[in-house]
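K.L.:
Build me a model from this:
(chains A and B)
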Number of protein chains: 2
Amino acid sequence: MQLKEPGVVVGVSNRHVHLSQEDLEKLFGKGYELTPLRPLGQPGQYASEECVDLIGPKGSFQKVRILGPVRKESQVEISRTDSFKLGVPPPVRDSGDIEGTPGITIKGPVGEIQLKKGVIIAKRHIHMHPKDAEHYGVKDKDLVSVYCDKEGRRLIFQDVLVRVSEKYALEFHVDIDEANAALLNNGDYVKIIEKF
Amino acid sequence: MQLKEPGVVVGVSNRHVHLSQEDLEKLFGKGYELTPLRPLGQPGQYASEECVDLIGPKGSFQKVRILGPVRKESQVEISRTDSFKLGVPPPVRDSGDIEGTPGITIKGPVGEIQLKKGVIIAKRHIHMHPKDAEHYGVKDKDLVSVYCDKEGRRLIFQDVLVRVSEKYALEFHVDIDEANAALLNNGDYVKIIEKF
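P.N.:
Numbers count the residues shown, from 1 in each chain, chains lettered A, B, ... in the order given. The predicted structure follows:
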């Protein structure tokens, strides 16, 4: 197996919510703005102080973090484990690709919304700057394979979506299920596979 | 990639407990015997009607299934997700290899025990009969790689332990984290990789 150097840092995503300004105001009140709590790995993105509850037909989660800034459309990202608990069956999708996905109830301190669509299991992906893409010899929307080397649970993730933008920093995003299957933690490094 | 035919059926393990007769009696009463509820994939193994509570320093799980029959030593198998909730840090181990593993409190209807050791994250493995081993060209304790083909989350598990015994039926065992990372369900089929 031939690996591309250097490694890519791992960011593990827990369940979280992106909101449109309209939905944010329904949940928190007119003219409400998110309060950044801490920056995320991607420039300009942040975990906000605000949380909401997710309510599915089978179960619910309290205090689910909102990530900012606000987006054009609301979107809820959960793990497959979460989906069984909520009773909501989301597909594995790239962020923003929410046509035909299930909805969910979101509850905030001021109001509640019935999201009609937007619940997804995020497709694992690597954010990278065009300079990184050039270095690794890949382009936006390529699917690559990634080798994780944790002893006892070594694993190769295929179907890893490459996302290239001037705004992105190099980071491999997986959800909690994927991280646990491979014993990955935030800040670990994995390698893109050049050739099997 | 060259795959070995035919595929191997998937068995997804949720958190569960194996008990020694001594520990069973401490939890359920003197002379107690497990009541089989349903057979498991491996001949002679069964899910019992009896459940216990697992109590860790950070959290607990109620109604965790006991698998029978009783064993020489008690053992608790949890996922990495579970380990964070309980606050217990188990290693990834083959079943029965419990030296140096953490303990946990187990509560039954009659009593409670402080298990000194025995909490593990089960190492993914394939049970097989010697005839299967011959067919696939592997032997007991080999590590093989397994290809899972669910669209969008295709994945290769390395470090898959082969367990061969006259008593075993062909079955690939993963825990919930691994199943969810690969979108696997009970009864799905995966393939052993012959060559990359």
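
K.L.:
Spell out which residues of chain A are next to chain B.
P.N.:
Contact residues, chain A versus chain B (C-beta under 8 Å from any C-beta of the partner chain): A:1, A:79-81, A:91-92, A:123-124, A:151-159, A:176-178, A:180-183, A:196. The way it works is simple: take the backbone N, C-alpha and C, and place the C-beta from them, glycine included.

K.L.:
mind running it again at 6 Å?
P.N.:
For chain A, the residues in contact with chain B (C-beta under 6 Å from any C-beta of the partner chain) are A:80-81, A:92, A:152-159, A:177-178, A:180-181, A:196.

K.L.:
which one of those residues is nearest B:I66?
P.N.:
A:T81 (22.7 Å; C-beta to C-beta).

K.L.:
Need the CA coordinates for the helix or strand harbouring the closest one. PDB is fine.
P.N.:
For A:T81, the host element (DSSP states H and E) is helix A:80-86. Only the C-alpha atoms of helix A:80-86 are listed here, as PDB (Å, rounded to 0.1, in the frame of the first residue of the first chain):
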ATOM      1  CA  ARG A  80     -26.400   6.300  12.300                       C
ATOM      2  CA  THR A  81     -26.400   5.400  16.000                       C
ATOM      3  CA  ASP A  82     -28.400   8.700  16.700                       C
ATOM      4  CA  SER A  83     -30.800   7.900  13.800                       C
ATOM      5  CA  PHE A  84     -31.900   4.600  15.500                       C
ATOM      6  CA  LYS A  85     -32.500   6.500  18.800                       C
ATOM      7  CA  LEU A  86     -34.500   9.300  17.100                       C
END
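
K.L.:
thinking again about what came up before, narrow the residues of chain A next to chain B to those in helices?
P.N.:
A:R80, A:T81, A:D177, A:E178, A:N180, A:A181 (DSSP state H).

K.L.:
Reformat these as CSV; add pLDDT and neighbour count.
P.N.:
Formatted as CSV, these follow (pLDDT from 0 to 100; neighbours: other C-beta atoms under 10 Å in any protein chain shown):
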residue, pLDDT, neighbour count
A:R80, 97, 23
A:T81, 95, 21
A:D177, 97, 26
A:E178, 98, 29
A:N180, 97, 28
A:A181, 98, 29
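
K.L.:
Make a markdown table from those and add distance to B:V8 to it.
P.N.:
Compiled in a markdown table, those are given as follows (distance: C-beta to C-beta, whole Å):
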| residue | distance to B:V8 |
| --- | --- |
| A:R80 | 21 |
| A:T81 | 24 |
| A:D177 | 21 |
| A:E178 | 22 |
| A:N180 | 22 |
| A:A181 | 18 |
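
K.L.:
rewinding a little: widest-spaced pair of the residues of chain A next to chain B?
P.N.:
A:T81 and A:F196 (29.6 Å).

K.L.:
number of nearby residues for the closest residue to A:V88 other than its chain neighbours?
P.N.:
Distances taken as C-beta to C-beta, 6 or more residues apart in numbering or on different chains put A:G56 closest to A:V88, at 4.6 Å, once the chain neighbours are dropped. Using other C-beta atoms under 10 Å in any protein chain shown, A:G56 has 21 neighbouring residues.

K.L.:
what about the helices in chain A?
P.N.:
A:21-28, A:80-86, A:130-136, A:176-181.

K.L.:
any idea how chain A splits into domains?
P.N.:
A:2-11+A:124-195, A:14-122 (the TED database).

K.L.:
any weak-confidence spans in chain A?
P.N.:
Nowhere does chain A drop to pLDDT under 70.

K.L.:
neighbours of A:V64, just the number please.
P.N.:
20.

K.L.:
Hmm, A:G56 and it touching each other?
P.N.:
No. Here A:V64 lies out of contact with A:G56, judged by C-beta atoms under 6 Å, at a distance of 11.7 Å.
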